[in-house]
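S.K.: Build me a structure from this.
(one chain, ligands or ions: 1)
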Amino acid sequence: MQPLYEGKAKRLYTTDDPNVLRMEYKDEATAFNAEKKAEFENKGRLNTAITLAMYRMLEAKGVETHLIDQVDDINLLVKNVDILMVEVIVRNIAAGSFCKRVGVEEGVEFNTPIVEFSYKSDELGDPLINDDYAREMGLATPEECAELKQKALVVNEVMIDFFNRCGLKLVDFKIEFGRTKDDEAKIVLADEISPDTCRLWDIETGKKMDKDRFRQDLGDVMGAYEEVLKRVESAI
Ligand code: TMP
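M.R.: Numbers count the residues shown, from 1 in each chain. Okay, here's the model as predicted:
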């Protein structure tokens, strides 16, 4: 069966119900806009399980997501939403492209979280944009930008607290949102929440437990993902 859409880490398939899609998590990992690629056995399974647990935890805290149900180890059923072409990044601690862009040392804690928008375009490498770009490019209205920011900060608060209970510091993360196709046209959380899309540091040791292990060649990438899943499942 041909996927409706294939991204770097997932494939989307139609189902018998036009309102429902099947999201399959691949074992492939990419970094630096796919300049670096590798396959990790079990990554699809681990990210499926982590995303599922995170979505269920967030739903219980009143954050709506596109999740419907789990199909198997690497497939989730999700609502067929219109994905907004704006990615939302929240940063609690300086890392990654933030450090590169402004020359701040990794590990500096922010007093108040930083929210960033980027334009969801693989071709352009997801460039940083702001509300004005989003408005003029027709990606999101100013009201929608405000809603994305507000929702992302709620997700941040809930996840900081949850990961704390897992002995993990939530450094930063990227989330995506979609608009439901029903009359309500609600903006809900979509895509995934996993060590591919969050930076997580062990509170005790500072060990990086996320995709930076692959980006920076730190080794034992899946060992860290396994450990994140174990802690997430025991904190639920
Ligand atoms: P960055 O520091 O590289 O901009 O990444 C910020 C956060 O966003 C980090 O937790 C990793 C995540 N992220 C993605 O999920 N997808 C991406 O394509 C990139 C570049 C980052």
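S.K.: In contact with the closest residue to the ligand within the chain, which residues?
M.R.: Closest approach between the chain and the ligand, counting by CB to the nearest ligand atom: residue 96, at 2.2 Å. Any C-beta I mention is one placed from the backbone N, CA and C, and that applies to glycine too. Neighbouring residues of residue 96 by CB atoms under 8 Å, 6 or more residues apart in numbering: 172, 199, 212.
S.K.: which parts of stretch 195-207 are buried?
M.R.: Residues 195, 196, 197, 198, 199, 200, 201, 202 are the ones in stretch 195-207 that count as buried (16 or more other CB atoms under 10 Å).
S.K.: Also near the ligand: which of the residues you listed, exactly?
M.R.: 196, 197, 198, 199 (CB under 6 Å from any ligand atom).
S.K.: helix or strand for residue 122, which one?
M.R.: For residue 122, there is no host helix or strand (DSSP states H and E).
S.K.: OK, contacts around the closest residue to it other than its chain neighbours?
M.R.: In space, and not counting its chain neighbours, residue 122 is closest to residue 33: 6.7 Å by CB to CB, 6 or more residues apart in numbering. Residues in contact with residue 33 (CB under 8 Å, 6+ apart) are 122, 125, 126.
S.K.: Would you mind naming what in this protein lies close to the ligand?
M.R.: Counting by CB under 6 Å from any ligand atom, the residues of the chain close to the ligand are 89, 95-98, 126, 172-174, 196-199.
S.K.: contact partners of stretch 220-236?
M.R.: In contact with stretch 220-236 (CB under 8 Å, 6+ apart) are residues 29, 40-43, 46-47, 49-50, 53-54, 56-57, 162, 165-168, 194-195, 200, 207-211, 213-214.
S.K.: The same query, at a cut-off of 7 Å, please.
M.R.: Residues from elsewhere that reach stretch 220-236, judged by CB atoms under 7 Å, 6 or more residues apart in numbering: 40, 42-43, 46, 49-50, 53-54, 57, 162, 165-168, 195, 200, 209-210, 213-214.
S.K.: And the helix or strand hosting residue 11, how far out from the chain middle?
M.R.: Secondary structure from DSSP H and E places residue 11 in strand 10-14. Offset of strand 10-14 from its chain centre (CA atoms, centre = their mean, to the nearest Å): 17 Å.
S.K.: For that strand, buried residues please.
M.R.: For strand 10-14, by 16+ other CB under 10 Å, it's 10, 11, 12.
S.K.: Next: stretch 124-131.
M.R.: Across stretch 124-131, burial judged by 16+ other CB under 10 Å covers 126, 129, 131.
S.K.: residues contacting the last one?
M.R.: With contact taken as CB under 7 Å, 6+ apart, residue 131 is in contact with 142, 145.
S.K.: Next one: it, what pLDDT does it get?
M.R.: Looking at residue 131, its pLDDT is 98.
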